[in-house]
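**Student:** quick one, what's the 3D model for this:
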Amino acid sequence: MSTKFKVSLKGADVTVSGSTITAKGKEGSLTAEIRYPFIKVRKEDETMFIDVDKDTAYQKAIGGTLAAEVRNMVAGVNKKYTAELELVYMHFPATLKGVGNRLIVENFVGERKAREVVVPDGVSIKVSGTKITLSGIDKYLVGQAAGTIESKIQIKNKDRRVFKDGVFITKKP
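**Tutor:** Below is the predicted model of the structure:
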């Protein structure tokens with residue numbers, strides 16, 4: 001068994017118990033599961049070592065993914081991730097509303113029915129004019145919410161050169 005990945009844990013209280021890794025910080029706490037039996041995790045002071053059984057490309061990829069996930073957890077519990085989106089309209093003046101965990105877009109391309117997107121728990125939404133700001137401690141959830149909003153609020157079956165309306169990501173988490 002050889003050490004393949006080393007992760008710094010500065011600024012977060014990280015515990016490893018069984019197959020669960022938990023990171024706690026000033027913004028909250030996150031957990032990750034170790035789903036593969038060939039991965040061994042050990043913690044020394046403020047460093048985590050992720051070991052794999054063999055030097056195969058598959059096992060290295062899984063170990064690297066887990067290392068990146070732990071790095072993102074440590075960063076997220078210290079400082080929230082934010083994603084910014086913007087509503088663009090050319091033909092009809094659309095309006096945005098953030099109600100609880102839902103984003104409502106009214107009068108999008110003159111549609112009578114408002115488009116609604118539910119943002120997952122753990123992600124907060126803030127609307128100001130045509131700008132949308134999503135924030136949360138889980139980088140995956142924030143990015144997934146931004147992508148979902150962008151894909152749900154777009155024009156389909158029309159010429160994109162003429163109808164440039166939609167919600168677009170301007171800053172990724």
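**Student:** nearest residue to the middle of this structure?
**Tutor:** residue 140 (2.7 Å; C-alpha atoms, centre = their mean).
**Student:** quick one, domains of the chain?
**Tutor:** Domain segmentation of the chain under automatic domain parsing yields 2-78, 81-171.
**Student:** rebuild those as a markdown table, extending it with mean pLDDT.
**Tutor:** Putting the domains of the chain into a markdown table (pLDDT from 0 to 100) gives the following:
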| stretch | mean pLDDT |
| --- | --- |
| domain 2-78 | 92 |
| domain 81-171 | 93 |
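**Student:** ok, how many other residues are close to residue 18?
**Tutor:** 7 (other C-beta atoms under 10 Å). (C-beta placed from N, C-alpha, C; glycine too.)
**Student:** wait, residue 46 sits on residue 7?
**Tutor:** No. Residue 46 is beyond contact range of residue 7, at 9.8 Å (criterion: C-beta atoms under 8 Å).
**Student:** doesn't residue 106 make contact with residue 97?
**Tutor:** Yes. Contact criterion C-beta under 8 Å: residue 97 and residue 106 qualify, at 7.1 Å.
**Student:** out of these two, which sits in the busier spot?
**Tutor:** Using other C-beta under 10 Å as the criterion, residue 97 and residue 106 rank with residue 106 on top: 16 against 12.
**Student:** if we can go back for a sec, secondary structure class for the residue nearest to the centre of the chain?
**Tutor:** The three-state assignment at residue 140 reads helix, by DSSP: H, G, I helix; E, B strand; the rest coil.
**Student:** ok, now how distant is it from residue 134?
**Tutor:** 12 Å (C-beta to C-beta, to the nearest Å).
**Student:** contacts only, for residue 119.
**Tutor:** Counting by C-beta atoms under 8 Å, 6 or more residues apart in numbering, residue 119 makes contact with 101, 102, 103, 125, 134, 145, 149.
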